[in-house]
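A.B. asks: A predicted structure for the sequence below; I have some questions about it.
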Amino acid sequence: MRVRYPPGWNARIAQQQAKQAAKRERARLERNANARRARYEKKNRESVRMGRGSFAGAFRVASFPERSKLIGALGMLGSEHDGERANAAAAVEHIRRKLGLSWSMLIVQIVPPTDPGEA
């Protein structure tokens, strides 16, 4: 026996299936975008080696955009304008907190290599 559906029933089912297919496609595209973003970030990370002392051998991975923003903000600390200096200091603090570093980890003492003849 054949089941009779009300008029327009097949169209509703087709619409629901199209919505579900579109939702699956959006989820797939989002997963792909997230994977591409993760690969890009992994590829473009810059390892920053800490110097000698209490952090010897430790390293922090900072992405290039974060590093360039930090350098730009530090450069603005020498501005003649009070507001610009205040904004630069706030930006530096924001980046430091975002990286999860303390000031002692962020500012590393560079020890010049020792000359073997001096020892």
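C.D. replies: Received it, and whenever you're ready, just let me know what you need. Numbers count the residues shown, from 1 in each chain.

A.B. asks: in the chain, which ranges drop under the pLDDT threshold?
C.D. replies: 1-8, 43-64, 115-119 (pLDDT under 70).

A.B. asks: cutoff 90 now
C.D. replies: Scanning the chain for pLDDT under 90 picks out 1-18, 34-71, 95-119.

A.B. asks: now residue 79: which helix or strand?
C.D. replies: Secondary structure assignment for residue 79, by DSSP states H and E: no helix or strand.

A.B. asks: which residues does it contact?
C.D. replies: Residue 79 makes contact with 85, 88, according to CB atoms under 8 Å, 6 or more residues apart in numbering. Every C-beta, even on glycine, is put in place using the N, C-alpha and C of the backbone.

A.B. asks: and what of residue 70?
C.D. replies: 92, 95-96.

A.B. asks: next one: residue 65
C.D. replies: Counted by CB under 8 Å, 6+ apart, residue 65 has zero contacts.

A.B. asks: from residue 32, how far off is it?
C.D. replies: With distances taken as CB to CB, to the nearest Å, residue 65 is found 22 Å from residue 32.

A.B. asks: residue 102 now?
C.D. replies: Relative to residue 32, and taking CB to CB, residue 102 is found at 37 Å.

A.B. asks: now residue 11
C.D. replies: 31 Å.

A.B. asks: about what we covered before: and which of the contacts of residue 70 is nearest residue 22?
C.D. replies: residue 95 (39.1 Å; CB to CB).

A.B. asks: which residue, neighbours along the chain excluded, lies closest to the closest one?
C.D. replies: residue 70 (4.9 Å; CB to CB, 6 or more residues apart in numbering).

A.B. asks: which strand or helix spans the one you found?
C.D. replies: With DSSP H and E as the test, residue 70 turns up in helix 64-76.

A.B. asks: which parts of that helix are buried?
C.D. replies: 69-70, 73 (16 or more other CB atoms under 10 Å).

A.B. asks: with stretch 84-102 instead?
C.D. replies: So for stretch 84-102, counting by 16+ other CB under 10 Å, buried means 88, 91-92, 95-96, 99.

A.B. asks: out of those, which is nearest to residue 25?
C.D. replies: Using CB to CB, those come closest to residue 25 at residue 99, 36.1 Å.
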